[in-house]
Structures are given as C-alpha cells and as structure tokens.
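Engineer: 3D, please:
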Amino acid sequence: MGLQSRAASNFVATAQHFDSDIYLEKNQVIFNGKSIMSLLSMSLSGGESVLVRCDGEDEEEALGAIEDYLNTGIHK
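Structural biologist: Have a look, this model is predicted:
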C-alpha cells in the first residue's frame, strides 16, 4: 500500500515548520521530507524502516519533531 496521502501531508506540514533540509532514505534512495510528491513516491509500508536526516540551524529541533510525529502523530 504505501504512505497514505493524509500521513504524507501531515509529515510535510511538520517538516515545513523548520528551516533545515529534511530527507528520508529508504533502500539507499533519498526523498525530500518537505515534498508530498516525493514522500508518496517512496512507497513506504507500515513497519518499514527509514533513515531521517535533518541538516540546518534547527536540525535538532526538526529531528525531535519528526521523531515525535513518526512515533505518535502518524496514527491520528
């Protein structure tokens, strides 16, 4: 199935609160965490692992917010 559009949209909304670049990596392919089209093309299924990378002045805050979203918000 893959990452649903609502979950992808909410992820992007969370990511866009930060100036840092946010990327997800799956199977050595990098996806832009601020692009809904990029996330939808990732074909992420429940239980799969991805690497989240944040790069910028607010990277620690961004990573914390993304981690919180992935652990709790994605199921709302």
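Engineer: Tell me where this structure has helices.
Structural biologist: Secondary structure of the chain (DSSP state H): helices located at 5-15, 36-40, 59-71.
Engineer: Put together TSV for those helices, with distance to Gly46 on each row.
Structural biologist: Where C-beta positions appear, they are placed from N, C-alpha and C, glycine not excepted. TSV is the format used below for the helices of the chain (distance: least, CB to CB, whole Å):
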stretch	distance to Gly46
helix 5-15	10
helix 36-40	15
helix 59-71	12
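Engineer: possible to save those as CSV with mean pLDDT?
Structural biologist: Shown next, in CSV, are these (pLDDT from 0 to 100):
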stretch, mean pLDDT
helix 5-15, 91
helix 36-40, 92
helix 59-71, 93
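Engineer: of the ones you listed, which approaches Ser49 most closely?
Structural biologist: When the helices of the chain are compared by CB to CB, helix 59-71 sits nearest Ser49, at 10.7 Å.
Engineer: what's the angle from the closest one to helix 5-15?
Structural biologist: Relative orientation of helix 59-71 versus helix 5-15 (axes from the mean of the first three to the mean of the last three CA atoms, to 10 degrees): 160 degrees.
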